[in-house]
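the following block contains a protein sequence and its predicted model.
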Amino acid sequence: MAFESLTEKFQKIFRDLSGKGRLKQEDVHEAMKEVKLALLEADVNFKIVKQFVKDTEARAVGEDILNSLTPAQMVIKIVREELVRLMGEESTPLQLKPAGQVTVIMMAGLQGAGKTTTAAKMGGKFKSAGRRVLLAAGDVYRPAAIKQLEVNAGSLGLDVFSMGTDVSPVEIAKGAYERAQKESYNVLIIDTAGRLHIDEGMMQELSDIKAAVPVDYTVLTVDAMTGQDAVTVAQEFSDKVGIDGLIVTKLDGDTRGGAALSIRAVTGKPIFFAGMGEKLSDLQEFYPDRMASRILGMGDVLSLIEQAEATADIEKQKQLNDHLRKSQFTYDDFLVQMNQMRKMGGISSIISMLPGMGMKGLDPDAIDQKQFDRIEAIILSMTPAERNNPKLMNPSRKRRIARGSGQDIAEVNRIVKQFEQMQKMMKQMNGMRKHGNLGGLFGKNMFRGGGLF
């Protein structure tokens, strides 16, 4: 995640505080100096950092905090609350008009920020919520931009309105709006042309579209990897065109991530969505409280559960839950769970949202993702009978599976042994669940939302 380095620094600061027991005002002051340095290294705006540290320290040195039984935990709580406040306190969803009316969303942003892909991602989210979405191909300058939008839209089952590259973006927007009205679309997303840098021509074009079509939301897409440049871009667009909110892309990348912490405070505009990956499903509604928890290494279990529920195959999950209740976990069930993890962004994505994983020194990137491909190849080389009844496995069957999957016999033996251990674990978990000892995520939510295993 973009805030990995910041998370590690915060966790070290909090560990040092926790090791002191009772805190003195000097301890808090030193910790806040470290917080300030960590935020600046994460490329957060200097003025914002200065005010953040000032507000946080003023709250943290209160007598009731320093004299509490857990002063370090109270300081952590205050830092989290100030981070949430910095990013907007609560999520701000796009409020769509009733289904009988057209909500017009104009996408804006520089070239390379991921605007075209994000337009399709957002359309897919609205479609899954029951909306009829039309995408307008208004980027007539960038080579293959229209084709890119059509391919992404096709993958999500969305319609695209295009008039080619010889028509002005204003005329395309007007034509798309007329079609949306005539054919009962209720969400129109206009993909506009970006530039490598801000120029007056781009700004005028966006203003002309807004004058020609009743735009409900002007949504700016910014690249988190550009750091403070993203904040500068956001301010320019806000001043010259007027924006209603933002989408921050590439928050899953190797970047300092300070833009996401600065943009709300600088522009006063909310972040609607966060791009967390390259897949068309990797667009998450932005929740400041959840993001603050992830930054501080507290995980994001709510988003994890929502992803599990959104990607779960209901019928397969019912079958799996039935098997779990009967302690009949099979290789087919294991494949279902592996595919579920892939849909949720892979094991690295899941681990990043689990509380405390960073503190335990577990590096999601160190996990061999190809191992899952090898496991899948081995399981698919089994007969249906072998997958449903692991007890059938014997040396000759294992040799045949090894040849069929292109793996060494030792690898097959290792997978079989691990699977047997997983079966035992599932039986233990099922017994705990029956007796009410399996709470939280590994209780109701796990068996309701698709599970993690």
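Arrived safely, thanks for sending.

which other residues reach stretch 375-386?
331-332, 334-335, 338, 387, 392-393, 397, 400-402, 404-407, 411-412, 415 (CB atoms under 8 Å, 6 or more residues apart in numbering). (Glycine included, C-beta is placed from N, CA and C.)

mind doing that once more with 10 Å?
Stretch 375-386 has contacts (CB atoms under 10 Å, 6 or more residues apart in numbering) with 330-332, 334-335, 338-339, 342, 387-390, 392-394, 397-398, 400-407, 411-412, 414-416, 418-419.

the closest residue to F46 other than its chain neighbours and T218: what is the separation?
Spatial nearest neighbour of F46, chain neighbours left out: L40 (6.8 Å); criterion: CB to CB, 6 or more residues apart in numbering. Distance from L40 to T218, counting by CB to CB, to the nearest Å: 31 Å.

those two - which one has more neighbours?
Shown here are L40 and T218; by other CB atoms under 10 Å, T218 has more neighbours (24 against 16).

that one belongs to a strand?
Yes: under DSSP: H, G, I helix; E, B strand; the rest coil, T218 falls within a strand.

that one and V241, how far apart?
Counting by CB to CB, the gap from T218 to V241 is 6 Å.

same check on S168?
The value you get for S168 to V241, if CB to CB is used, is 17 Å.

these two: who's more crowded?
V241 (19 against 15).

right, and the more buried one touches A211 too?
No: V241 lies out of contact with A211 (CB atoms under 10 Å); the separation is 11.3 Å.

report all helices and strands that the helix or strand encompassing S5 contacts.
Assigned by DSSP states H and E, S5 belongs to helix 4-18. Counting by 3 or more CB pairs under 10 Å, 6 or more residues apart in numbering; DSSP states H and E, the packing neighbours recorded for helix 4-18 are helix 25-41, helix 71-87, helix 288-295.

how does it look with 6 Å?
On a contact count with 3 or more CB pairs under 6 Å, 6 or more residues apart in numbering; DSSP states H and E, helix 4-18 meets helix 25-41, helix 71-87.

need the CA coordinates for that helix. PDB is fine.
Only the C-alpha atoms of helix 4-18 are listed here, as PDB (Å, rounded to 0.1, in the frame of the first residue of the first chain):
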ATOM      1  CA  GLU A   4       3.700   1.300   4.000                       C
ATOM      2  CA  SER A   5       6.700   3.400   4.900                       C
ATOM      3  CA  LEU A   6       4.600   5.900   6.900                       C
ATOM      4  CA  THR A   7       2.900   3.000   8.700                       C
ATOM      5  CA  GLU A   8       6.200   1.500   9.700                       C
ATOM      6  CA  LYS A   9       7.400   4.900  11.100                       C
ATOM      7  CA  PHE A  10       4.100   5.400  13.000                       C
ATOM      8  CA  GLN A  11       4.300   1.900  14.500                       C
ATOM      9  CA  LYS A  12       7.900   2.500  15.700                       C
ATOM     10  CA  ILE A  13       6.900   5.800  17.300                       C
ATOM     11  CA  PHE A  14       4.000   4.200  19.100                       C
ATOM     12  CA  ARG A  15       6.100   1.200  20.300                       C
ATOM     13  CA  ASP A  16       8.600   3.700  21.800                       C
ATOM     14  CA  LEU A  17       5.700   5.500  23.500                       C
ATOM     15  CA  SER A  18       4.200   2.300  24.800                       C
END
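
which outside residues touch it?
With contacts defined as CB atoms under 6 Å, 6 or more residues apart in numbering, helix 4-18 is touched by A31, E34, A38, A42, A72, I76, I295, L296, G297, G358, M359.

may I have the helix or strand where I379 lies as CSV, with CA atoms only?
In this assignment (DSSP H and E), I379 forms part of helix 370-380. Extracted C-alpha coordinates of helix 370-380, given in CSV (Å, rounded to 0.1, in the frame of the first residue of the first chain):
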residue,chain,number,x,y,z
LYS,A,370,3.1,-18.2,-8.0
GLN,A,371,2.7,-20.8,-5.3
PHE,A,372,-1.0,-20.5,-5.7
ASP,A,373,-0.7,-21.2,-9.4
ARG,A,374,1.3,-24.4,-8.6
ILE,A,375,-1.3,-25.5,-6.1
GLU,A,376,-4.1,-24.9,-8.6
ALA,A,377,-2.2,-27.0,-11.2
ILE,A,378,-1.8,-29.8,-8.8
ILE,A,379,-5.4,-29.8,-7.7
LEU,A,380,-6.7,-29.6,-11.3
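
and the residue nearest the centre of the chain, how far from F3?
For the chain, the residue nearest the mean C-alpha position is M276 (3.9 Å; CA atoms, centre = their mean). Distance of M276 to F3, given as CB to CB: 12 Å.
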